[in-house]
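>>> Quick one, fold the following:
(2 chains)
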Amino acid sequence: MSGIQPGLSSLPLPRLVRVEQLSIDLEYPDGNVVQHPKGATGLEVASSIGSGLARAAVAIRIDGELRDLNRAIDHSGKFAVVTLADADGLHILRHSSAHVLAQAVLDLYPGSTFAIGPAIEDGFYYDFKVAEPFTPEDLERIQARMEEIIAEDQPFTRDSADMDHALEIFIDHPFKREIIANVDQSEVSEGEDVTLYRNNGFVDLCRGPHLPSTGRIPAVKLLRTSGAYWRGDQARDQLQRVYGTSWPSKKELEDYLARQEEAEKRDHRKLGAELDLFSFPDELGSGLAVWHPKGGMLRKVIEDRSRDIHERYGFEFVYTPHLAKADLWETSGHLGYYSENMYPGLEMDNDQEYRVKPMNCPGHILIYKSRARSYRDLPIRLSELGAVYRYEKSGVVHGLLRARGFTQDDSHVFCTGEQLDAELRMHLDFVIAWLKDAGFSEFEADLSTQPEKSVGAQERWDFSEKTLADVLESSGIPYQVAEGDGAFYGPKIDMHVKDAIGRRWQLSTIQLDFTLPERFELEYTSAANEAEQPYMIHCAKAGSLERFMGVLIEHHAGAFPMWMAPVQATVVPVADRHIDYAETVKQALEGSGLRVEIDDSGDTVGDKIRTAITQKHPAVIVVGDNDVEAETVGLRLYGEEKDTRGVPLAEAVARLTDMAAEPDL
RNA sequence: GCCGGAGUAGCUCAGUGGUAGAGCAAUUCACUCGUAAUGAAUAGGCCAGGGGUUCGACUCCCCUCUCCGGCUCCA
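Below is the predicted model:
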C-alpha cells in the first residue's frame, strides 16, 4: 500500500490569521506563516502550506461543510484542512475503503450487485448480493484485490446525474435503483439529482466526500462476512455483508487488532470457564446456565449486596412463584403481545393451563391487590430477585448476556402522582450508587419517550416524561432523549455504563407503566375518599444478575474488586511442614470474614503462585520456615510483581480485611 | 428465526476413506522447594447425536442438537 506515513496525527494544524482580497495567510503553531492565493483548490492549499500537510490532507471543510480536497474552495477563506487525525477524516477514509471493497467485489464476482456500504464505528461494511456466500478464502481474494486498487492510486472524482440517467447507470443494480428512487429531493443540491463518485470505471452512488485517491488508504483489513437483510427487513433479500476496518497507519490498524484481541481475552464466556464460575451444559438446553461454587460465591456476594441496598432504599422483599395460570398472563396482556417469548403452556388434569413466568410484574401486582390500598400505604416498594424464563430465538442467545433463564433484580413501586418525582429521584440515586459500587464510573442515560402507538392517558405520559427529564436534569448524568423509543406502555430511562475498554453496556432500566395498573384495575383510596389509579414504576438495577455479572467479568477482566472476589486470598505453604501454620493463617483471615484457600498440592511455590495469579486471586500469602518462627507471612497482591516478606500476621490480616471491605452502603 | 463457520480427551488444538494424536489439566511415584510452569510414569475418546453412501466413515452426503460471527429481535 502506498500513501501516507505514520505519525501524521501529530501534524500541527494552521490557524487563519489574515484574509485579504487575493490571498490567505495561515500561521502554524511553530510560528511559520504561509500564504496562498484565494480560490485555490483544497489540494493546492494543502500543497502550498507544506508537503506534510498535503500528504495528510484528505478533505476540506468550508464554512462547516465537508468537501472533497480536489474541489475548489470558496473565496471566504473560512476553511479548515481535514486530516485522518480528525473524526471526519477517519469517516472519509472508511467510507472510501468501502468503495474500494465494492469495486473489488464487483471486479472479482461478475454478476454480483451491491447495496449499501457505510462507514461504521472502527470500520466499514458493504452489502452485496452474490451467487454464493463468501468464504474465508473469498475474503482473502477480495483483500488482495483491494490492495491492488490502492496501489494503483486511482483518483476519486465527483459527478452528478439526473434521476433518469442515474437509473440508467445502475441498470443492473436493483438495490441502487431502489435507493435512487427514494432519494429525498430536499437533501440534494440544485442541479444534481444524485451524486456519484467514480474511480477507474467503478461508479457508486454517494454523497461524499472521498479521499483524493485510493492510494490514500494507509491500512485496511477485511474482518468477516455475514448475512444481513436488505434494509434490515427479514422479509426482504438476505445479502452478504463484508466487514472491514481501516486506519491512518499500519500501526493504528495493529493497535486496533490488538484491542480486539484484548476484548476476546475478557470474553465472559471464556473467563467463566477459566475461572470456573459457570457453564452452559448442553444437557440443560440453550441459554440455561449452572453456577459453579466460585461463580456461586460471586453471585451470592452480589445478591447480598443487592438485598442490603434495596432494604436501605426502603424496598420490601417478596417472593412469587415461577408458574402461574395462563389466565394471569391473559390479564397482564403477555399472552397477547409477548407469547412468542414465552415457554409453551403446561396442561394440567383439570384442564388448567400454566405458564412459566417471563416477568415478575403480575406477581407483584397480585400482592398489591391482596387488600384495599389507601394513599397512606403509598409508596409501596416491592422487590424480588425473580427468576424468569424467556424463549429467546436460537440465534440471539449469547452467554450470560442473553440467556433464556435469568434472574432480575426486579422491583415495582406503586405511588401517587405527587410521589412520582421523589420516587424517580430515589431510583436514579439507587441505580448510580449500585453501579458505582460495582466499579463503573462512567454513565450515560437514554430517556425514551412516547412512541407512535401507545396506551395510557396522554396527561400521564406528559407528566411522567417531564418528571423523568427533570430528575435526569438535576442528577447531572449525561443523557440523550430517544424520541419515540419508549415502550408502548410508558416512558423509561435506560442506564448505560462504559466498561474498562470503552464499550457501552445497557444495564439498569427505570420504566413507567400505564397499562398494567389499568389491566389489573389497581386502585388506592385518596384523601378525598376517591378511587385513584396508582403510578407504577418497574426498575431493575442490574438488569439481570446474569447479564450484570457477564458485564462485570468483562469490565474487570475477571480480576474482581476484592470485596466480590470468590477467593480473596490463597495461602501457599512453601513445604508440607508449613501446612499447619498455613492453616493458622487461614483461620486468622477467615476470622475477619475473608474467603481463603490453602494450596496444599505438591506443586512448587512458583507453580502455586502461578495458579493463584492465573485464577486472579487478589492476594497470595506465602508461608515458610521464617514465617512459622516469626509469625509473619509473605504477601503478594494481584497486579503487583513484587511481594513483601516478613509481614506480621496480625498486620497482614488487618490490611487484607481493610482491602476487602465492601463499599459503604 | 435467517446467512455463514464450527463441534476430535476436562481445556487448547493436530489428523486421515483403512480401527485416533500432542501440549496443558488429572492420577500415581519421586522431589519438600521462598514468589508466574520439578521430573517420570499412568490413565483418559461412541471423533456432538441419528440416518445414508461404501468392503470399510472421525473423514463423503442428509437431518437434528449445540456453539461461534453477524442480521433480525430484545412488547
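>>> quick one: A:S160 is in a strand?
Yes: A:S160 forms part of a strand when assessed by DSSP: H, G, I helix; E, B strand; the rest coil.
>>> ok, A:Y229 - how many residues close by?
Residues near A:Y229, counting by other Cβ atoms under 10 Å, number 14. C-beta coordinates here come from the backbone N, C-alpha and C atoms, glycine included.
>>> per-residue confidence at the one residue in the stretch 1-150 of chain A that gets nearest to RNA strand B?
Relative to RNA strand B, the nearest point of the stretch 1-150 of chain A is A:P133 (3.5 Å; Cβ to the nearest atom of the strand). We have a pLDDT of 82 for A:P133.
>>> Could you do A:D164 as well?
For A:D164, the predicted pLDDT is 84.
>>> Assign it to helix, strand or coil.
helix.
>>> wait, the residue of the stretch 1-150 of chain A closest to RNA strand B sits on A:Q238?
No: contact criterion Cβ atoms under 8 Å: A:P133 and A:Q238 do not qualify, at 9.4 Å.
>>> between the two, what contacts are shared?
A:G227 (Cβ atoms under 8 Å, 6 or more residues apart in numbering).
>>> what helix or strand does the spatially closest residue to A:G244 that is not a sequence neighbour sit in?
Excluding the flanking residues, the one nearest A:G244 by Cβ to Cβ, 6 or more residues apart in numbering is A:L222, at 4.4 Å. Using DSSP states H and E, the element containing A:L222 is strand A:219-229.
>>> Show me how far that strand is from its chain's centre.
20 Å (Cα atoms, centre = their mean, to the nearest Å).
>>> same thing with stretch A:248-267?
17 Å.
>>> Tell me the secondary structure at the residue of the stretch 1-150 of chain A closest to RNA strand B.
coil.
>>> Over to the one 10 residues further on?
Using three-state DSSP as the criterion, the local structure at A:Q143 reads helix.
>>> Okay, helices next: where are they in the stretch 451-600 of chain A?
Along the stretch 451-600 of chain A, the segments classed as helices by DSSP state H, counting those that start in this stretch run A:458-475, A:516-519, A:545-556, A:579-591.
>>> For the ones you listed, state which one has the densest average packing.
helix A:545-556 (a mean of 24; mean count of other Cβ atoms under 10 Å).
>>> Let me know whether the residue nearest to A:G244 touches A:Y243 as I believe.
Yes: using Cβ under 8 Å, A:L222 makes contact with A:Y243 at a distance of 7.2 Å.
>>> Who has more neighbours out of the two?
It is A:L222, of A:L222 and A:Y243, that has more neighbours when counted by other Cβ under 10 Å, with 25 against 19.
>>> Now do the same contact list for that one.
Contacts of A:L222 (Cβ under 8 Å, 6+ apart): A:L101, A:L139, A:I142, A:Q143, A:M146, A:V242, A:Y243, A:G244.
>>> Could you list which residues are in contact with the fourth one?
Contact analysis of A:Q143 by Cβ under 8 Å, 6+ apart lists A:V220, A:K221, A:L222.
>>> same deal with the fifth one?
With contacts defined as Cβ under 8 Å, 6+ apart, A:M146 is in contact with A:S97, A:V100, A:L101, A:Q103, A:A104, A:V220, A:L222.
>>> Check the third one too.
With contacts defined as Cβ under 8 Å, 6+ apart, the neighbours of A:I142 are A:L101, A:A104, A:V105, A:L108, A:F134, A:L222, A:V242.
>>> how many neighbours does the fifth one have?
By that I understand A:F134. There are 20 residues near A:F134, going by other Cβ under 10 Å.
>>> so what's it closest to, chain neighbours aside?
Nearest to A:F134 is A:T225, by Cβ to Cβ, 6+ apart, at 4.4 Å.
>>> so that neighbour sits right up against A:G244, yeah?
No: with contact defined as Cβ under 8 Å, A:T225 does not count as touching A:G244 (10.1 Å).
>>> Of these two, which one has the most company?
A:G244 (24 against 19).
>>> Give me the secondary structure label for the more buried one.
Going by three-state DSSP: A:G244 is strand.
>>> Tell me how far stretch A:579-586 lies from the chain's centre.
45 Å.
>>> Contacts only, for the residue nearest the centre of chain A.
Taking Cα atoms, centre = their mean, the centroid of chain A lies closest to A:R504, which sits 3.1 Å from it. Listed by Cβ under 8 Å, 6+ apart, the contact set of A:R504 reads A:E444, A:H496, A:V497, A:K498.
>>> make it 10 Å
A:E442, A:E444, A:H496, A:V497, A:K498 (Cβ atoms under 10 Å, 6 or more residues apart in numbering).
>>> my guess is the fourth one contacts A:R547, does it?
Right, the one you point to is A:V497. No: assessed by Cβ atoms under 10 Å, A:V497 is found out of contact with A:R547, at 11.9 Å.
>>> Now do the shared contacts for those two.
A:W505, A:Q506, A:L507.
>>> Out of those residues, flag the one nearest to A:R390.
Nearest to A:R390 out of those is A:Q506 (Cβ to Cβ; 16.4 Å).
>>> so what pLDDT did that closest one get?
93.
>>> do the same with A:S76
57.
>>> same thing with the one 5 residues further on?
At A:V81, the predicted lDDT confidence score is 75.
>>> end to end, how far does stretch A:408-421 reach?
24 Å (Cα to Cα, to the nearest Å).
>>> and that stretch, does that touch RNA strand B?
No: contact of stretch A:408-421 with RNA strand B (Cβ under 7 Å from any atom of the strand) is absent, the minimum separation being 11.8 Å.
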